[in-house]
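**Student:** Give me the fold of what follows.
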Amino acid sequence: MIRLVALLLSLSLLATPGVAATPKKTAAPAKKATKATPGKKGKAKPVEKSAEGRLQKEIWGKWKQIGGEDEVEFTKAGMMIATNSSIRLEGAYTIRAGGKLEMDLGLNNLTHGPIVRKLTLQGDELTLVDEPTGLVMKYKRVKK
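**Tutor:** Below you'll find the predicted structure:
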């Protein structure tokens, strides 16, 4: 438990005053929206309907904190892994309206979240902002 608290404090991604760890809940990955193709029965193809869908796809991959040791990986399945030199947290993420990244991360059946950050992507640079505190975290893409 002490290591979990130490990680949560050291991972700037999670630095939110007043948010406590809660028992872990398993989150199902979000389903892709589909749209039938006119004139072709039984055929459906994925549709990226919004900016959130575009961000969801563009965030996939591994990111390293600029000027720090934190690493974050986002998968196509809506799962994420956050690590630093001593601990690894795993959980689910969702892109919400307005470019908000919502995360639920856990370790040893404890979940820390939901954690919400404003998400901005410019090329291979990911910026997360904790709007209530103004804390800015920048990451550089390591691999897609």
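
**Student:** rest of the way, CA atoms for contacts and neighbours
**Tutor:** Fine.

**Student:** Quick one: list the elements packing against the helix or strand harbouring residue 106.
**Tutor:** Using DSSP states H and E, residue 106 maps to strand 100-107. In this structure, strand 100-107 packs against strand 88-96, strand 110-122, with contacts taken as 3 or more Cα pairs under 8 Å, 6 or more residues apart in numbering; DSSP states H and E.

**Student:** now, of the ones you listed, which is deepest in the fold?
**Tutor:** strand 88-96 (a mean of 21; mean count of other Cα atoms under 10 Å).

**Student:** Quick check: neighbours of it in the sheet, parallel or antiparallel?
**Tutor:** Here strand 88-96 has these sheet partners by DSSP bridges: strand 79-83 (antiparallel), strand 100-107 (antiparallel).

**Student:** among the ones you listed, which gets the worst mean confidence?
**Tutor:** Ranked by mean pLDDT, the strands paired with strand 88-96 bottom out at strand 100-107, which scores a mean of 89.

**Student:** what is the orientation angle of it with strand 110-122?
**Tutor:** 140 degrees (axes from the mean of the first three to the mean of the last three Cα atoms, to 10 degrees).
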